[in-house]
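# model the structure of this input:
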Amino acid sequence: MKKLFLILLLISLVITNAAAQKAATAVELTFTFTRQGGSASNQFAAWIEDTEGKYIETLCVTRWTANGGYSRRPSSIPLWVKKSEPSKMEKKQIDAVSGATPNTGTLTYTWDGTDSKGAALPAGDYVLVLEGTLRWENQVYYRIPITIGKGSATPKVNVEYVGDATAERSMIKDVKVRVRR
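Residues are numbered from 1 along each chain as shown. Alright, predicted model coming up:
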């Protein structure tokens, strides 16, 4: 009987610890979005990958691309399309993370440390990716290494521009990420 009690207590502690880790993890992405005039721009997505580049979860994506715009314009956030495979997602999955292209302003998105099925991920290292289509094939990629489950941190933001859309580089700027436990 005593052994059974100890086993149940141990199981309870493991479940409580996992639930506490899930509830206590928050990764907050904030950036300034400046809506561009003209066509073939204003599309963006943010998602989480593991350190090997495997897709885990989308935080946000512009609705036009998520709802099939990628097939009409393959240059629209192509890395997110390749990694997340929206053609294989259910409509409710797309609806949960997509939204209309926002107006100019400061945007904030939060990740709770779970995968696309809502399961808590283990403490460790991940990468937050923010991709924007500046104009046609011109892209911006922010890759931010993050660690969850090990205290608070302000990660280093790495940016890469592809193409020659110098005028549109202000579409996404002032990118900040904060990890809270």
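
# buried stuff in the helix or strand hosting Y70?
Assigned by DSSP states H and E, Y70 belongs to helix 70-72. For helix 70-72, the neighbour count (16 or more other C-beta atoms under 10 Å) marks Y70 as buried. Glycine gets a C-beta too; all of them are placed from N, C-alpha and C.

# then stretch 137-145?
Applying 16+ other C-beta under 10 Å to stretch 137-145 flags N138, Q139, V140, Y142, R143, I144 as buried.

# repeat for stretch 114-130
Result for stretch 114-130 [16+ other C-beta under 10 Å]: buried residues S116, A120, L121, Y126, V127, L128, V129, L130.

# report the rounded mean pLDDT for stretch 102-115.
Average pLDDT, stretch 102-115: 94.

# how many neighbours does A96 have?
As a burial measure, A96 scores 11 neighbours (other C-beta atoms under 10 Å).

# pLDDT wise, what is the closest residue to W136 other than its chain neighbours at?
Excluding its sequence neighbours, the residue lying closest to W136 (C-beta to C-beta, 6 or more residues apart in numbering) is A40, at 4.6 Å. Model confidence at A40, given as pLDDT, is 87.

# show me the beta-bridge partners of A46.
C60, L130 (DSSP bridges).

# pretty sure it is touching T62, no?
No. Contact criterion C-beta atoms under 8 Å: A46 and T62 do not qualify, at 10.5 Å.

# ok so, going back, show me the two of the buried residues of stretch 137-145 that sit farthest apart.
The most widely separated members of the buried residues of stretch 137-145 are N138 and I144, with 20.7 Å between them, by C-beta to C-beta.

# so the residue nearest the centre of the chain versus V162, what's the distance?
In the chain, the centroid-proximal residue (C-alpha atoms, centre = their mean) is W47; its distance is 2.2 Å. In this view, W47 and V162 are 18 Å apart by C-beta to C-beta, to the nearest Å.

# what do you get for K83?
From K83 to V162 the distance is 16 Å (C-beta to C-beta).

# show me the contacts for N103.
R35 (C-beta atoms under 8 Å, 6 or more residues apart in numbering).

# what ranges does the chain have for its helices?
2-24, 63-64, 70-72, 78-84, 91-97 (DSSP state H).

# how many neighbours does G99 have?
13.

# all set, thanks.
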